[in-house]
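Student: okay, sequence plus prediction incoming.
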Amino acid sequence: MHLTDSHCHFDFAAFDDDRVGHWRRAQAVGVRRLVIPGVEEARWPALPGLCASLPGVYYALGLHPWWVADASAGWQKKLEQALDRADARCVALGEMGLDGTLALSASEQEAALNAQLRLARERALPVILHSHKTHDQLLKWLRRTPPVGGVLHGFSGSLQQAEAFWKLGIHLGIGGTITYPRASKTRKTIAAMPVEALVLETDAPDMPLCGFQGQPNHPAQLPRVLSALAGLRRQDQTTLAGQLEDNVNRLFGWR
């Protein structure tokens, strides 16, 4: 089986000790590609070189709501310039979004989100979205500026919300959440959604799987996410893996 981790923070310090070795470990269990979301201004310049050194590793450029408060006054222009310099390994714009747990005001978060949604539409790039306790608000902004496609990473929510995102062409990023029996609402939702709406992710080094709490997550855990998803949907893993690869190929324009 070939798998793609659609959301992995492989540029974070957790992998600094031996990034090549960590990637080989993931490849050994069938992970052939991963996408690193850009989260802050300071990380944008290093992403092209990092990905060029690791076959199968791609990136996105964006400003995560956690880092909006630290961004420079000219971050939008710098993002445009980074996109101008980007190579073919840049497959999306993000990670962008909203977070209801931040002290940063909703208006400041929404301004950063709106600027990036507009830029993504101008550049015809899919978006990588973050949403924590803000699904309905995020849907409102997506309807105002519909993207050409995208993924809501780490989805956790109701069937109604999932269907609303998919109606806008937003895939659902499926990760470690579904491995927790207590996440019954999300598990039932994912089982009910059309397979075409789903892509796999780890969010490593964050979002550890059930049984691995307190440990850094790793892209090599992706087959476990696949196994959990196959169990929920009562599907053969090999068949499901092929369907999910078709989805991520369409999402990021891979052929």
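Tutor: Received, thanks. Numbering: from 1, shown residues only.

Student: please make it C-alpha for all contacts and neighbour counts, starting now.
Tutor: Fine.

Student: neighbours of Asp17, just the number please.
Tutor: A count of nearby residues for Asp17, using other C-alpha atoms under 10 Å, gives 9.

Student: make residue 1 into 346 and carry on from there
Tutor: All right, first residue 346 from here; so that's Asp362.

Student: for it, helix, strand, or coil?
Tutor: When the structure is reduced to helix, strand and coil (DSSP: H, G, I helix; E, B strand; the rest coil), Asp362 reads as coil.

Student: for it, give its distance to Gly383.
Tutor: The gap separating Asp362 from Gly383 is 20 Å, by C-alpha to C-alpha, to the nearest Å.

Student: which outside residues touch the top helix by length along the chain?
Tutor: Within the chain, and with DSSP state H defining each element, the longest helix by residue count is helix 451-468. Contact with helix 451-468 is made by 407-408, 410, 413, 421, 425, 437-439, 441-443, 445, 471-472, 486-487, 490-493, as judged by C-alpha atoms under 8 Å, 6 or more residues apart in numbering.

Student: swap the cut-off to 7 Å and go again
Tutor: Helix 451-468 has contacts (C-alpha atoms under 7 Å, 6 or more residues apart in numbering) with Pro410, Leu438, Met441, Gly442, Leu443, Pro471, Val472, Thr490, Pro492, Val493.

Student: of those residues, buried ones?
Tutor: Neighbour-count burial within these applies to Pro410, Leu438, Met441, Gly442, Leu443, Pro471, Val472, Pro492, Val493; the criterion is 16 or more other C-alpha atoms under 10 Å.

Student: and those as a markdown table, adding secondary structure, distance to Arg378 and pLDDT?
Tutor: Conversion of the buried ones among the contacts of helix 451-468 to a markdown table gives the following (DSSP: H, G, I helix; E, B strand; the rest coil; distance: C-alpha to C-alpha, whole Å; pLDDT from 0 to 100):
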| residue | secondary structure | distance to Arg378 | pLDDT |
| --- | --- | --- | --- |
| Pro410 | helix | 26 | 97 |
| Leu438 | strand | 17 | 98 |
| Met441 | strand | 21 | 98 |
| Gly442 | strand | 24 | 98 |
| Leu443 | strand | 27 | 98 |
| Pro471 | coil | 17 | 98 |
| Val472 | strand | 18 | 98 |
| Pro492 | coil | 23 | 96 |
| Val493 | coil | 22 | 96 |
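
Student: and of the residues you listed, the nearest to Gln588?
Tutor: Closest approach between those and Gln588, by C-alpha to C-alpha: Pro471, at 19.5 Å.

Student: what is the mean pLDDT for the longest helix of the chain?
Tutor: Per-residue pLDDT values across helix 451-468 average out to 97.

Student: equivalent analysis for stretch 553-564, please.
Tutor: 97.

Student: give me the buried positions along it.
Tutor: By 16+ other C-alpha under 10 Å, the buried positions in stretch 553-564 come out as Pro553, Leu554, Asn562, His563, Pro564.

Student: output it as PDB, restricted to C-alpha atoms.
Tutor: Provided in PDB are the C-alpha atoms of stretch 553-564 (Å, rounded to 0.1, in the frame of the first residue of the first chain):
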ATOM      1  CA  PRO A 553      -1.000  11.100  19.300                       C
ATOM      2  CA  LEU A 554      -3.100   8.000  18.700                       C
ATOM      3  CA  CYS A 555      -5.000   6.100  21.400                       C
ATOM      4  CA  GLY A 556      -2.400   4.100  23.300                       C
ATOM      5  CA  PHE A 557       0.400   6.500  22.500                       C
ATOM      6  CA  GLN A 558      -0.700   9.400  24.700                       C
ATOM      7  CA  GLY A 559       2.300  11.400  26.000                       C
ATOM      8  CA  GLN A 560       4.500  10.400  23.100                       C
ATOM      9  CA  PRO A 561       5.400  12.500  20.000                       C
ATOM     10  CA  ASN A 562       3.300  11.400  17.100                       C
ATOM     11  CA  HIS A 563       5.100  10.200  13.900                       C
ATOM     12  CA  PRO A 564       4.100   9.900  10.200                       C
END
